[in-house]
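Peer 1: Sequence first, then the predicted structure:
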Amino acid sequence: MCIFVHSQAILMTSDILSTPLESIRFVVVDVETTGGTPRDHRMTEIAMCVVEDDVIVRRHESLMNPHLPIPDYIQMMTGITNAMVASAPEEDVAMQPVVAELYSDDQVVVFVGHNVGFDWSFVEAAIERMDEVPPDIHKVCTCRLSRRLSTGLAKHNLGAVAEHYGHVISARHRAMGDTEATAQVLIRLIERARTEHEAATLEDLIALQHVQRAASKTMSAAAAKRRTMLAPYLRELPEDPGVYYFLNAKKQVLYVGKAKSLRSRVMSYFNDAPLHGRSVQKMIRYVRHVRWEVTGTELAAILLESREIKERLPLHNVTSRKYRAPAFLKITNESFPRLELASSIESDGAEYFGPFRSHRMAERILDMVVRENKLRTCAGELHPHAEIRPCFDYHIKRCNGPCALHQTIDDYNESVDDARRFLSNVEQGAVGRLRTQMELAAANLDYERAAVLRDGIREVERAMLHASDRPLAVTDTNVMIFVPVGEKSSTIEVYALRAGRLAFQREVGLRAPKDGIIAELTQLFSEPAPTSRFTSRELNELQIITGWLYGRRERSHTCVVHTPELVADHVRAAFGQFVQAMADVARAAPPSEYSQLTEYDDFGA
């Protein structure tokens with residue numbers, strides 16, 4: 001028998017609740033059963049996805065023998081038959097990986113389910129039958145969270161919520177299909193909780209799932225007084241994107257936030273029943289002044305918010321005050337280059353690719369690339385000699401042994417070139433090759449590997465700013481990004497990255513003269529590229545831009561500047577594309593009531 005000691009019980013509840021969301025291990029579980037209550041029924045299947053830092057890092061699924069007949073209607077719904085479970089593992093065996101995660105002592109663990117009470121009741125009963133004390137851990141229900149956060153959604157069953165967030169459930173009413181859908185929904189809900197409700201800790205997330213959405217009929221006297229006091233500010237709030245500032249009576253900045261619509265966002269804090277966690281509700285009591293700065297686009301708002309928080313250090317922007325270490329993959333500058341992880345970009349002649357969303361995902365991509373191209377993993381400079389004995393990687397065929405002259409430097413550098421192509425966001429690079437491997441794994445019914453490869457595809461796409469026909473390291477990335485301002489797109493915000501650094505940001509009217517901006521951008525890309533070490537702010541801006549562009553590429557226009565002579569053509573083509581898009585929208589719009597009136601000649605016959 002395995003005996004688990006639950007270390008989280010040793011931690012104070014307040015310590016656990018204050019854990020940042022990115023530091024939590026979410027154990028997402030779904031079970032299939034013979035019926036509705038754990039007292040009279042048993043599990044027939046269990047599946048688990050472990051989510052860390054918004055990424056699924058581990059999976060487990062297993063049938064189990066319930067030693068009870070499965071009702072016919074459940075067999076029809078799930079496809080799990082009595083014959084399938086007759087020789088399945090016993091409950092305690094199938095549960096071991098799940099129990100090990102729940103009792104893990106290296107990280108704060110939270111149990112997650114869609115209708116979490118049902119799944120937890122069966123897991124808890126199974127743990128008790130294993131003669132263990134069920135862990136006293138916090139639980140998150142994605143159904144309850146969705147009711148609070150997924151505005152406009154009529155139904156909140158797993159199928160409806162998954163579809164709302166763009167996830168197709170591969171096997172509905174089977175444990176792994178439902179578990180993976182729940183995990184993807186959780187990731188999206190956490191993202192909304194962060195960006196729309198300032199959720200930063202476990203306490204914030206739990207508070208959100210319990211807060212009541214329906215507005216109360218009467219506003220408290222304190223809330224009414226606060227709203228009256230702030231009314232002059234609230235009336236003037238524009239609908240534009242921008243950054244807002246909450247100040248106390250001494251006009252000290254309490255909080256800095258961003259918004260797609262300043263009016264909607266700021267007003268949400270002062271509704272009759274604000275949908276915010278406890279820490280935010282406490283902060284609102286001290287707000288006496290509201291200021292804001294309009295930006296052209298949501299991206300500009302995100303960039304400005306990050307700068308302002310780092311400079312002003314507001315009391316209630318707890319998690320955003322410090323720069324978060326990014327994750328890059330680095331091809332070293334040496335005779336036999338290595339691929340390794342990096343959290344900064346140095347002026348060392350190496351090539352850096354990324355940034356990736358997390359160090360964990362970067363490690364997975366690193367492992368894929370090194371294995372695929374058999375790159376060396378030994379440290380330091382290589383001095384090949386025939387008498388050197390190759391390391392273990394050579395004997396298990398993970399390296400071709402250049403150290404012992406089993407591979408020439410030219411052959412090895414070809415492998416490095418393949419790694420560069422692998423890391424470029426083109427079909428013949430990582431995306432195409434990972435997609436081929438994913439399809440092959442799925443055809444061989446290796447769904448876990450297929451899921452890992454799919455996550456790798458998303459991460460490479462997320463990390464790249466460009467769709468160039470040649471591999472570009474960060475320091476070789478010279479890119480112009482054109483983002484429409486507002487829905488009517490009459491103004492375009494132009495960004496330029498020179499050698500991976502944000503060097504230009506400007507709003508330009510869609511039909512305004514372009515000669516001035518073309519001259520500035522041409523000059524920018526004609527000057528020598530900066531070669532110094534990236535500052536924390538430059539790395540942060542690169543992270544923000546790549547993260548924002550992922551999933552919004554269809555609305556923005558990005559082009560790689562290979563030579564400054566082509567800047568004018570790129571600018572005119574980008575603006576021409578937006579002019580054409582506006583014309584297409586105008587043609588597709590229904591005619592107004594005035595356009596249906598009979599033509600009339602003011603001047604008579």
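Peer 2: Yep, that arrived.

Peer 1: What does Val256 show for phi and psi?
Peer 2: For Val256, the backbone dihedrals (degrees, to the nearest 10) come out as phi -120, psi 130.

Peer 1: Surely it touches Leu315?
Peer 2: No. Val256 is beyond contact range of Leu315, at 10.5 Å (criterion: Cβ atoms under 8 Å). C-beta here means a position set from N, CA and C on the backbone, and glycine is covered the same way.

Peer 1: neighbour-wise, which of those two wins?
Peer 2: More crowded of Val256 and Leu315, by other Cβ atoms under 10 Å: Val256, with 24 against 14.

Peer 1: what about that one, distance to Arg312?
Peer 2: 6 Å (Cβ to Cβ, to the nearest Å).

Peer 1: can you pull the contacts of the residue nearest to Leu382 when sequence neighbours are not counted?
Peer 2: Spatially, and ignoring its direct neighbours in sequence, Leu382 is nearest to Phe336 (4.2 Å; Cβ to Cβ, 6 or more residues apart in numbering). Neighbouring residues of Phe336 by Cβ atoms under 8 Å, 6 or more residues apart in numbering: 376, 381-382, 384, 402, 409, 412.

Peer 1: State the pair within those residues that is farthest apart.
Peer 2: Across the contacts of Phe336, no pair lies farther apart than Glu381 and Tyr412, at 13.5 Å, counting by Cβ to Cβ.

Peer 1: who has more neighbours, the two?
Peer 2: Between Glu381 and Tyr412, counted using other Cβ under 10 Å, Tyr412 has the larger neighbour count: 23 against 8.

Peer 1: how about the nearest residue to that one, chain neighbours excluded?
Peer 2: Nearest to Tyr412 is Pro402, by Cβ to Cβ, 6+ apart, at 4.8 Å.

Peer 1: ditto for Gly117
Peer 2: Cys141 (7.3 Å).

Peer 1: Just give the number of residues close to that neighbour.
Peer 2: 22.

Peer 1: For it, grab phi and psi.
Peer 2: phi -110, psi 120.

Peer 1: Can you give me the distance of it to Ala160?
Peer 2: In terms of Cβ to Cβ, Cys141 sits 15 Å off from Ala160.

Peer 1: Show me the contact partners of the helix or strand hosting Gln523.
Peer 2: Element membership for Gln523, per DSSP states H and E: helix 515-526. The contact list for helix 515-526 (Cβ under 8 Å, 6+ apart) reads 478, 480, 494, 496, 498, 503-504, 506, 508, 561, 563-565, 567-568, 571.

Peer 1: Using the three-state scheme, assign Gly166.
Peer 2: Taking DSSP: H, G, I helix; E, B strand; the rest coil as the rule, one finds Gly166 in the coil state.

Peer 1: ignore the last one, Ala207
Peer 2: Under three-state DSSP, Ala207 comes out as helix.

Peer 1: To what extent is it buried, counted in neighbours?
Peer 2: 22.

Peer 1: And the pLDDT at it?
Peer 2: pLDDT for Ala207: 84.

Peer 1: Ser104 now?
Peer 2: 82.

Peer 1: and it, what does it touch?
Peer 2: Arg25 are the contacts of Ser104 under Cβ under 8 Å, 6+ apart.

Peer 1: To which secondary structure element is it assigned?
Peer 2: Going by DSSP H and E, Ser104 is not in any helix or strand.

Peer 1: And it, how far from Pro135?
Peer 2: Counting by Cβ to Cβ, the gap from Ser104 to Pro135 is 10 Å.

Peer 1: sorry, back to before: which other helices and strands does the helix or strand just after the helix holding Gln523 contact?
Peer 2: The C-terminal neighbour of helix 515-526 among helices and strands, as given by DSSP H and E, is helix 536-549. In terms of contacts (3 or more Cβ pairs under 8 Å, 6 or more residues apart in numbering; DSSP states H and E), helix 536-549 is packed against helix 298-312, strand 351-356, helix 447-463, strand 491-498, strand 501-509.

Peer 1: nearest residue to Arg389 other than its sequence neighbours?
Peer 2: In space, Arg389 is closest to Ala404, 6.9 Å off (Cβ to Cβ, 6+ apart).

Peer 1: how many neighbours does that neighbour have?
Peer 2: 16.

Peer 1: surely it meets His385?
Peer 2: Yes. The criterion here is Cβ under 8 Å, and Ala404 meets it with His385 at 7.3 Å.

Peer 1: Starting from Ser170, give me the distance back to Ala442.
Peer 2: 10 Å.

Peer 1: Ok, Met480 next?
Peer 2: 39 Å.

Peer 1: One more: Asp40?
Peer 2: 31 Å.

Peer 1: So which of these two has more stuff around it?
Peer 2: Ser170 (15 against 9).

Peer 1: Now the more buried one: closest residue in space that isn't a chain neighbour?
Peer 2: Nearest one to Ser170, counting by Cβ to Cβ, 6+ apart, is Gly177 at 4.9 Å.

Peer 1: neighbours of that neighbour, just the number please.
Peer 2: For Gly177, using other Cβ under 10 Å, the count is 20.
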